[in-house]
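In: compute the structure for the input listed below.
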Amino acid sequence: MSWTSRALINCAALQHNLNIAKKTAPNSKVLAVIKSNGYGHGITHVAQSLIAADGFAVASIQEAILVRKNHPSKTILVLQGFIDSRELALFKQYKLNPVIHSKAQLAILEFSGSKALSSDTVYWFKIDTGMGRLGFAADECITSLNRLEKYLNSKSNIILMSHFANADDITDKTTNNQIKIFNDIFLNYNYQKTIANSAGILGWSESHFDWIRAGIMLYGVSPFNNYEQTYNLQTVMTLESRLIAINHHKKGDTIGYGGGWRCPKDMTIGVVSIGYGDGYPRQAKTGTPVIIAGIKTSLIGRVSMDMICIDLSSIDKIELGGIVTLWGSDLEGNGLAIEEVAGCANTIAYELLCQITKRVELVYQ
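Out: So this is what the prediction gives:
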């Protein structure tokens with residue numbers, strides 16, 4: 001079948017990166033975070049590739065149900081928890097684990113009775129140690145935890161958790177403070193604990209509690225600002241498109257919407273069949289790198305919905321239909337870090353991966 005844009009997904013790289021997480025925190029169980037359609041890689045295939053993880057973490061009930069269909073006995077944690085009794089019933093039906101992060105959820109449980117969820121359900125009790133998003137405040141968490149224990153009539157089936165806010169900056173002291181708050185509050189509790197995300201796994205060994213939550217690192221992307229340090233992670237996604245036109249322009253010709261880019265000389269310009277309709281970032285600026293024929297060149301002009309223009313002036317052998325690599329590795333092994341592309345678009349690699357649209361074919365290798 002003919003194609004225009006596709007994302008090549010290296011399943012072996014997913015498994016390699018999971019092993020990196022396991023080796024880095026050998027005494028911890030691993031939750032593979034596969035939310036947002038497996039960070040744009042396709043949640044069903046990603047889950048199958050990461051079957052060796054101890055469990056999966058997703059954002060929503062919808063994602064959890066999709067995963068549960070193929071993994072009937074796997075631990076599945078829903079990071080946003082439930083917001084009403086209707087959703088609570090789905091947790092029971094599909095044997096899902098909730099994050100408990102608010103008094104409203106405790107009230108829903110109490111109102112629903114002791115059999116609202118299965119007896120083997122694990123409740124992941126979340127404290128806000130500095131993220132300021134979900135979780136019980138430090139001064140109310142013990143009271144709320146006691147309330148959950150009373151509801152369960154048990155001190156089992158509870159895991160204590162929190163989430164890092166600034167761990168992507170290895171020099172930021174916020175992470176140390178969050179670990180200290182977490183440890184101080186739960187000093188006298190023997191529950192299993194988890195706080196480490198990808199940055200915590202790779203940069204903060206003191207955060208390796210009973211469980212770790214591997215996310216962006218599984219997809220071969222560094223969680224740190226200095227992406228050139230790869231931690232031996234392997235790239236999972238390579239985004240490719242094709243050259244659909246080769247045009248020869250004169251000095252002074254304008255390229256793209258708004259005429260904001262003007263040819264500084266007579267030059268050859270290629271048109272590539274990808275744009276923001278495929279998830280390529282509209283904010284990508286002139287100079288954003290791409291690879292064609294094994295040579296790195298750059299984007300010129302604005303990104304359109306379906307097309308971008310690239311500079312072909314320094315490339316001798318060009319063929320219509322040639323493959324253009326937007327990030328990842330080309331057939332000759334030339335690499336283009338998604339983090340570099342993200343920087344040129346004033347965003348982060350997470351967003352680029354997650355915004356890949358259905359128009360892009362996912363090809364699993």
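In: can you map out the strands along the stretch 101-250 of the chain?
Out: For the stretch 101-250 of the chain, applying DSSP state E, counting those that start in this stretch gives strands covering 123-126, 158-161, 192-194, 211-214, 237-249.
In: so which of these is nearest Glu228?
Out: Smallest distance to Glu228 across those (CB to CB): 18.6 Å, for strand 237-249. To be clear about C-beta, it is placed using only N, CA and C from the backbone, and glycine gets the same treatment.
In: in the protein, where is pLDDT below threshold?
Out: 1 (pLDDT under 70).
In: try 50
Out: Scanning the chain for pLDDT under 50 picks out no residues.
In: domain parsing for it?
Out: 11-219, 237-364 (automatic domain parsing).
In: let me have those domains in TSV, adding distance to Ser2 and mean neighbour count as columns.
Out: What follows is the domains of the chain, written out as TSV (distance: least, CB to CB, whole Å; neighbours: other CB atoms under 10 Å):
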stretch	distance to Ser2	mean neighbour count
domain 11-219	21	18
domain 237-364	9	17
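In: which of those domains sits closest to Trp3?
Out: domain 237-364 (5.7 Å).
In: could you work out the end-to-end span of that closest one for me?
Out: 10 Å (CA to CA, to the nearest Å).
In: now that domain, how far from the centre of its chain.
Out: Taking CA atoms, centre = their mean, to the nearest Å, one finds the center of domain 237-364 at 23 Å from the center of the full chain.
In: can you redo the strands of the stretch 101-250 of the chain as a markdown table with distance to Ile20?
Out: Putting the strands of the stretch 101-250 of the chain into a markdown table (distance: least, CB to CB, whole Å) gives the following:
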| stretch | distance to Ile20 |
| --- | --- |
| strand 123-126 | 24 |
| strand 158-161 | 22 |
| strand 192-194 | 18 |
| strand 211-214 | 9 |
| strand 237-249 | 17 |
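In: Ser241 is in contact with Gly322, isn't it?
Out: No. Applying CB atoms under 8 Å, one finds Ser241 not in contact with Gly322, separated by 10.0 Å.
In: now for these two: what residues contact both?
Out: Contact with both Ser241 and Gly322 is made by no residue, according to CB atoms under 8 Å, 6 or more residues apart in numbering.
In: adding distance to Thr230, write the domains of the chain out as JSON lines.
Out: As requested, the domains of the chain are exported to JSON lines (distance: least, CB to CB, whole Å):
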{"stretch": "domain 11-219", "distance to Thr230": "10"}
{"stretch": "domain 237-364", "distance to Thr230": "9"}
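In: of all these, which one is nearest Asn226?
Out: In terms of CB to CB, the element of the domains of the chain nearest to Asn226 is domain 11-219, at 8.2 Å.
In: distance between the ends of that closest one?
Out: 10 Å.
In: wait, Arg262 sits on Thr254?
Out: Yes. Under the criterion of CB under 8 Å, Arg262 makes contact with Thr254 at 5.3 Å.
In: ok so, going back, of all the strands of the stretch 101-250 of the chain, which one is nearest Arg6?
Out: Among those, if distance is taken as CB to CB, the winner is strand 237-249, at 5.6 Å.
In: residues in contact with Val216?
Out: Actually, residue 216 is Ile rather than Val. 39, 198, 222-223, 349-350.
In: look up how far Gly81 lies from it.
Out: 22 Å (CB to CB, to the nearest Å).
In: then Ser313?
Out: Taken as CB to CB, the span from Ser313 to Gly81 is 54 Å.
In: with Gly200 instead?
Out: Counting by CB to CB, the gap from Gly200 to Gly81 is 21 Å.
In: and what of Leu187?
Out: Taking CB to CB, one finds Leu187 at 25 Å from Gly81.
In: likewise Asp168?
Out: Taking CB to CB, one finds Asp168 at 25 Å from Gly81.
In: try Ala138
Out: 19 Å.
In: got it, and Ile127?
Out: Counting by CB to CB - Ile127 and Gly81 are separated by 14 Å.
In: go on, Glu340?
Out: Remark: distance between Glu340 and Gly81 (CB to CB) = 36 Å.
In: go on, Arg359?
Out: As judged by CB to CB, Arg359 and Gly81 stand 33 Å apart.
In: can I assume Thr297 sits in a helix?
Out: No. In this structure, Thr297 is strand, not part of a helix, as judged by DSSP: H, G, I helix; E, B strand; the rest coil.
In: quick one: it and Val290 touch, right?
Out: Yes. Applying CB under 8 Å, one finds Thr297 in contact with Val290, separated by 6.1 Å.
In: just the helices from this protein, written as ranges.
Out: 11-24, 35-39, 43-49, 61-68, 85-93, 103-112, 141-152, 174-185, 198-203, 338-344, 349-354 (DSSP state H).
In: nearest to Asp266, out of those?
Out: Taking the helices of the chain one by one with CB to CB, helix 338-344 is closest: 25.8 Å.
In: what's that closest one in contact with?
Out: 221-222, 227, 235, 237, 281, 284-285, 287-289, 299, 326-328, 348-349, 351-353.
In: if we use 6 Å, what do you get?
Out: 227, 284-285, 288, 327, 348-349, 352 (CB atoms under 6 Å, 6 or more residues apart in numbering).
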